[in-house]
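Trainee: Any chance you can model this:
(one chain, ligands or ions: 1)
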Amino acid sequence: MQTTAMGLVLKETKLGEADRIITMLTDRFGLIRASARGSRNLKNKLFSSTGMFCYSEFSLFTQKGNYYVDEAALQKNFFGLRNSVEALGVAAYIAELVVVLEPHRPEEIQELLRLSLNSLYLLSEGKADPRLVKAVFELRAVAEAGYRPDLVACADCSRFEDKKGFFFDNKNGRIFCEKCAAFHCHDVDTPLSVVTAMRHSIYADLKKVFSFTLSEDALRIFTRTTEDYVLHQLETPLKTLDFLRTVLN
Ligand SMILES: [Zn+2]
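Mentor: Numbering: from 1, shown residues only. Coordinates of the predicted model:
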């Protein structure tokens, strides 16, 4: 059967002399693996449209649950990622996270695809701090995938704002004001600016989700907090994170 889909390539595995097996997030089928025969050959028509981070319109042949790429028309290749080791590191992390999260619901697929494309665009064009893109992406992505923390107000007394900030309980995805935190298990002290950034990452419209800045100190706490939360919730080691930590520090 022939079909078409827009797809973002998130992983490529070399096979044989010139083939690739690509894993991509598609708008219509979610995460799929597809065989792109001959695509590692420079002269092959699929060479420049099926590589890592390519966003292309794919014509696919599908049989018994397997996908084969017939044609791929490149829409974006985010080539600018290659200009910055930090940007490339964050992009690789984003790709791994999407594969691990493996979205299934149609809204979740659309949201994650848009979020990934927006993130890769900002990284590729150097329009945002890679650390900020990483933190916003990971928090929003896991929230969409069913691990949404409740950051609206203190989980105990419902206080919405506290100048002193909150304590973030990353195991249970809750916040506590200073007064209530004394009665609960807590391990992360989170300034109000960081709680505000976390709230924005989860609740803001996708178009505006990356539009804010933080002081250097707050950014450091923000990135550490979101990363700890993701690792706690997923309970899966992420291979790209070790490399990323060395380039971002
Ligand atoms: Zn409270």
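Trainee: what's the closest non-adjacent residue to residue 34?
Mentor: Nearest residue to residue 34, sequence neighbours excluded (C-beta to C-beta, 6 or more residues apart in numbering): residue 67, at 3.7 Å. Bear in mind the C-beta positions are built from the backbone N, C-alpha and C, glycine included.
Trainee: you'd agree that neighbour is up against residue 28?
Mentor: No. Checked against C-beta atoms under 8 Å, the pair residue 67 and residue 28 is beyond contact range at 11.5 Å.
Trainee: more crowded one of the two?
Mentor: Counted by other C-beta atoms under 10 Å, residue 67 and residue 28 do not tie: residue 67 has more neighbours, with 22 against 14.
Trainee: and the more buried one, what pLDDT?
Mentor: Residue 67 carries a pLDDT value of 97.
Trainee: Enumerate the residues of the protein near the ion.
Mentor: Residues of the chain lying close to the ion by C-beta under 5 Å from the ion are 154, 156, 157, 159, 177, 180.
Trainee: Next, format these as JSON lines and append neighbour count, secondary structure and pLDDT.
Mentor: Converted to JSON lines, those look like this (neighbours: other C-beta atoms under 10 Å; DSSP: H, G, I helix; E, B strand; the rest coil; pLDDT from 0 to 100):
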{"residue": "154", "neighbour count": "21", "secondary structure": "coil", "pLDDT": "93"}
{"residue": "156", "neighbour count": "15", "secondary structure": "coil", "pLDDT": "92"}
{"residue": "157", "neighbour count": "11", "secondary structure": "coil", "pLDDT": "94"}
{"residue": "159", "neighbour count": "15", "secondary structure": "coil", "pLDDT": "90"}
{"residue": "177", "neighbour count": "21", "secondary structure": "coil", "pLDDT": "89"}
{"residue": "180", "neighbour count": "19", "secondary structure": "helix", "pLDDT": "90"}
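Trainee: What helix or strand is the residue most central in space within the chain located in?
Mentor: In the chain, the residue lying closest to the centroid (C-alpha atoms, centre = their mean) is residue 94, at 3.9 Å. Using DSSP states H and E, residue 94 falls within helix 85-101.
Trainee: same question, residue 195
Mentor: helix 192-203.
Trainee: for that helix, packing partners?
Mentor: helix 130-144, strand 166-169, helix 216-234 (3 or more C-beta pairs under 8 Å, 6 or more residues apart in numbering; DSSP states H and E).
Trainee: run the last query once more with 10 Å
Mentor: helix 130-144, strand 166-169, strand 174-176, strand 188-190, helix 216-234 (3 or more C-beta pairs under 10 Å, 6 or more residues apart in numbering; DSSP states H and E).
Trainee: Now do the buried residues in it.
Mentor: Residues of helix 192-203 classed as buried: 193, 194, 195, 196, 197, 198, 200, 201, 202 (neighbour count, 16 or more other C-beta atoms under 10 Å).
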